[in-house]
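sequence plus the predicted model coming up.
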Amino acid sequence: MRLRTKILVAISATAIVATALLAFFFTRIVLKHFTELETEYTRENVTQMVDTINDALNNQLTKTTDWAIWDDAEKFLRDGNKEFIKSNLQPNSLIELKINFIYYIKNSGQILSAVAVDLEKEEMVPITELMTESILGILAQLDSMEMEKGGKGLTVLADQITFITSHPVLPSSGEGSSPGIVVFGRFLDQDEANRLQTITNTDVEFLRLDHPMMPSDTEVARLLRGSKQEILLKPLNRWMIAGYTILNDFAGKPIVMLRVDLIRNIYERGLMSLKYLVGGLVIGLIVMLVMIFILFDRLIIARFHQLSESMHEIGVKGNLSGRLPSLGADEVGTLAVHINDMLEKLEKTQGALSFEREQLISIFEGIDEAIYVADPNSYEILYANQVFKNMFSGEIIGKQCFQVLHDFKEPCSFCTNHLILGENIGQPYVWDFYYPRQGRWYHCIDRAVKWPDGRWVRQEIAIDITERKLHEEHLQFISQRDAATGLYNQGYFQARMCAVSLPPAGIIVCDVDGLKLVNDTLGHDAGDRLLKATATIIQRCFRETDVVARIGGDEFAVLLPNLHPIAKIEDAADRIRQSLADYNAANPEFPVSVSVGFAATEQMPIDLNELFKQADNNMYHQKQTQSKIARHRLVASLLETMENRGFFDLEHTDRLAEYAVALAQAVGYPSNHLADLRLLARYHDIGKIGILETILNKTVSLSESEKEFMKRHSEIGWRIAQSSPDSAAVADQILQHHEWWNGQGYPAGKSGEDIPLACRIFTVADAYDAMLSDRPYRQAMTQEQALQELTRCSGSQFEPRLVEAFLKLMRP
């Protein structure tokens, strides 16, 4: 926008603001004054109408008094003289009085006479029972003093607003007791309303407060009844204003709202005066501002225009040696002098910048990192070193950076221009960026620098940090993961628990049954396989948003945030159990047993540590009932595995049991322990499940280290037997069945009778059957050879007494 246009806009805006302020000021002052006059005038009219109504009531009360303090009326109420009715209570009398009805009522409440006429039709009308009940009800509200003095007021009779007056009937002297009361009533019909309007010269409307057809004035009535104001004013529109007041009935209760409508002559005159005043001010202001603009244009704008043209010519030619003409000695002329001084300095600086630019480019070309420079406004690439150019094909100088880098049609949403310009100009902004086109990470250093032509440009140095990022991601991954299972670890699980602040949420705790037994018997490799299988089973049962973690040696936990509804946690536990059943059906040789406990909450505040304790306790309750069954299943599975691998021969077991029982009976072994010998025959080699197959199947003699490893099978068997109630009774015998009579056996090196008798018996039977069977490293012996070998080892490996008894059995 040109300076002349800006000044014109500024002057116009000033004129508009000044006009608005003046208009506002005069509106507040002048119009307020006229509004106050209008308010006072309207209140006076409402008050005048109220006074007119009171005058009408007083006039009617005067008539009522004349007909009440009258000997004939007093006599009529006492003796019921019918002549009084014929002479006085006729329609013409009511028409002359301009009332609609007259009641003569005795103190007892008996109505001696009630006459009503239609003043418009000038004919008598019947008195309704409802009207009579209403009259009596009104009189009942008056206290004794009001009854003696007489009363006046408004009421609603026959669905019409009525002026009603009463006075006790007395002799013409006005003294004595009153036998009754006379009541006059005048309906507020259209004629009466017109009469009141004529008196006050206003539009009057009487609105019943109990009438359903006054919706537009309901709010006014509510405000009047709820405030201390007697009169309320309400402008209806620009031309009319209404004044409201409440009129009370006999008992002083609000019954009618009086509305007086007036033409807003005072307000209209105020508006007209305001228009003339503001209009005159606006015209004067415009004339003054036009004169100011003309003077400003000639004295300042024209000279600035000349200055601008000269600067433009220097800029187009790029000739910093050009100078501006002299424009006088005032501020504009001084500005021209300062600009000429600046041009002279720029001319000197340009040469120095060109030299610095060449040096900077030389440095950039020697750096191994990608560097480019772009204009922050046009996004045009002004410079790129060779490393940056090698990342792209074709010419890139002069193209927009977002097109070259990302093939975008518009600037990047993550552009850093706004971060390096402004208050932070000259300060570097450092950020890491993943470049999907290359699949690599870059450490970017962006900075605003001065280009040789003096403008600020964006310089970016991009350092390839892909290897570092991958290493960091790997470190972060392993810091959050369990090495054995690949699940999240305990630290990550606890951090995620702390991050959950809103219910509903749930936690499931799982404990692997028999892990220690597997580690002790089959080795830690088998235990790791068990953990991995368990982890896979559990993880498949949950959403990606759920956190599945290994939180201890044999414990797993699952955090379920946003659990809707919380009853779903039981379904999740059932999924784990079903997945375990499916896995065990497919892998009977290596079954997995897991105790599961869970807890969920939707209460605030949420305490996940307490929730974890609940789930953990529930898991241990299940484990107490399930662990024995799980160990039994594991032992059964191990036996089945040994049988499938050929390490467990039922025929060998049966023969061994037969030999051992026969020998035991021969030496007087208690018959009630013979079942344990049979059980020992079944389980004695179960520990070999933990020995490497390469050792068990070796066809040559074992090395010393292999022998030592082989000796572990009795200890492994002892641990397995202890874990199952079926074999626990013979666990110690399994441990010691390789002890020798001379103390050279294993694992404890016991000797003589320190070795249980069952083990000594079983050792003889086991050795005999083993010698009669083929082995990978030798052929089976004959019976005689085996018996001779037993004899040779008697006293060293075997108890002599038992060998002698066994020989007798085998050589009858």
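That came through, no problem. Numbers count the residues shown, from 1 in each chain.

for this structure, what helix or strand is lowest in average pLDDT?
Per-element confidence for the chain was summarised using mean pLDDT, DSSP states H and E. The lowest value among helices and strands belongs to helix 144-149, with a mean of 60.

can you tell me how far residue 738 is from residue 40?
When C-beta to C-beta, to the nearest Å is the yardstick, residue 738 and residue 40 sit 126 Å from each other. Where you see a C-beta, it was placed from the backbone N, CA and C, and this is true even at glycine.

which of the two has more neighbours?
The neighbour count for residue 738 versus residue 40, taken as other C-beta atoms under 10 Å, is higher for residue 738 (19 against 11).

pretty sure the more buried one contacts residue 749?
No: the pair residue 738 and residue 749 fails to qualify as a contact (C-beta atoms under 8 Å) at a distance of 10.6 Å.

identify the residues contacting residue 580.
Taking C-beta atoms under 8 Å, 6 or more residues apart in numbering, we find residue 580 in contact with 537, 592, 593, 594.

what about the nearest residue in space to residue 671 that is not next to it in sequence, helix or strand, and which?
Of all residues not flanking residue 671 in the chain, residue 665 sits nearest, at 7.6 Å (C-beta to C-beta, 6 or more residues apart in numbering). Element membership for residue 665 (DSSP states H and E) is helix 650-666.

repeat that for residue 747.
Under the assignment given by DSSP H and E, residue 747 is not contained in any helix or strand.

run a quick neighbour tally on it.
Using other C-beta under 10 Å as the criterion, residue 747 is surrounded by 15 other residues.

surely it and residue 716 touch.
No: taking C-beta under 8 Å as the definition, residue 747 is not a contact partner of residue 716, at 10.5 Å.

check the gap between residue 753 and residue 801 for me.
Computed as C-beta to C-beta, the residue 753 to residue 801 distance reads 11 Å.

ok, back up a step: the residue nearest to residue 671 contacts residue 674, correct?
Yes: applying C-beta under 8 Å, one finds residue 665 in contact with residue 674, separated by 7.5 Å.

the more surrounded of those two?
Ranked by neighbour count (other C-beta under 10 Å), residue 665 and residue 674 place residue 674 first, with 16 against 13.

show me the contacts for the more buried one.
Shown here is residue 674, whose contacts under the criterion C-beta under 8 Å, 6+ apart are 661, 664, 665.

give me the pLDDT for it.
Residue 674 carries a pLDDT value of 86.

circling back to that earlier point, buried ones in the helix holding residue 665?
Residues of helix 650-666 classed as buried by neighbour count (16 or more other C-beta atoms under 10 Å): 652, 653, 655, 656, 657, 659, 660, 661, 663, 664.

part of a helix, is residue 605?
No: the assignment for residue 605, made by DSSP: H, G, I helix; E, B strand; the rest coil, is coil rather than a helix.

what about it, distance to residue 599?
With C-beta to C-beta as the criterion, residue 605 and residue 599 are 16 Å apart.

ditto for residue 122
Residue 122 sits 95 Å away from residue 599, going by C-beta to C-beta.

for the nearest residue to residue 391 once chain neighbours are set aside, give me phi and psi.
Leaving aside its chain neighbours, residue 391 sits nearest to residue 370 (6.3 Å; criterion: C-beta to C-beta, 6+ apart). Torsion angles at residue 370 (phi, psi; degrees, to the nearest 10) stand at phi -80, psi 130.

surely residue 370 meets residue 462?
Yes: look at residue 370 against residue 462 with C-beta under 8 Å: they come within range, at 4.4 Å.

which neighbours do the two have in common?
Common neighbours of residue 370 and residue 462, counting by C-beta under 8 Å, 6+ apart, are 388, 442.

quick one, domains of the protein?
By the assignment in automatic domain parsing, the chain contains the domains 34-52+202-266, 69-194, 366-470, 484-630, 646-810.

how about those in CSV, adding distance to residue 291?
Formatted as CSV, the domains of the chain follow (distance: least, C-beta to C-beta, whole Å):
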stretch, distance to residue 291
domain 34-52+202-266, 34
domain 69-194, 62
domain 366-470, 41
domain 484-630, 70
domain 646-810, 111
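
which stretch among those domains approaches residue 304 most closely?
domain 366-470 (22.7 Å; C-beta to C-beta).

state the mean pLDDT of that closest one.
The predicted model assigns domain 366-470 a mean pLDDT of 87.

shaky segments in the stretch 1-150 of the chain?
Judged against pLDDT under 70, the low-scoring parts of the stretch 1-150 of the chain cover residues 1, 3-4, 142-149.

quick one: the helices in it, in order.
Along the stretch 1-150 of the chain, counting by DSSP state H, counting those that start in this stretch, helices occupy 3-26, 32-68, 71-79, 82-88, 91-97, 129-140, 144-149.

measure the nearest residue to residue 68 once chain neighbours are set aside to residue 154 for me?
Spatially, and ignoring its direct neighbours in sequence, residue 68 is nearest to residue 167 (3.8 Å; C-beta to C-beta, 6+ apart). As for residue 167, its distance to residue 154 is 17 Å (criterion: C-beta to C-beta).

so which of these two has more stuff around it?
residue 167 (25 against 20).

whichever helix or strand the more buried one is part of: how far from the chain's middle?
Element membership of residue 167, judged by DSSP H and E, is strand 160-168. Relative to the centre of its chain, strand 160-168 is centred 68 Å away, using C-alpha atoms, centre = their mean, to the nearest Å.

any idea of the angle it forms with helix 71-79?
For strand 160-168 against helix 71-79, the angle between stretch directions is 90 degrees (axes from the mean of the first three to the mean of the last three C-alpha atoms, to 10 degrees).
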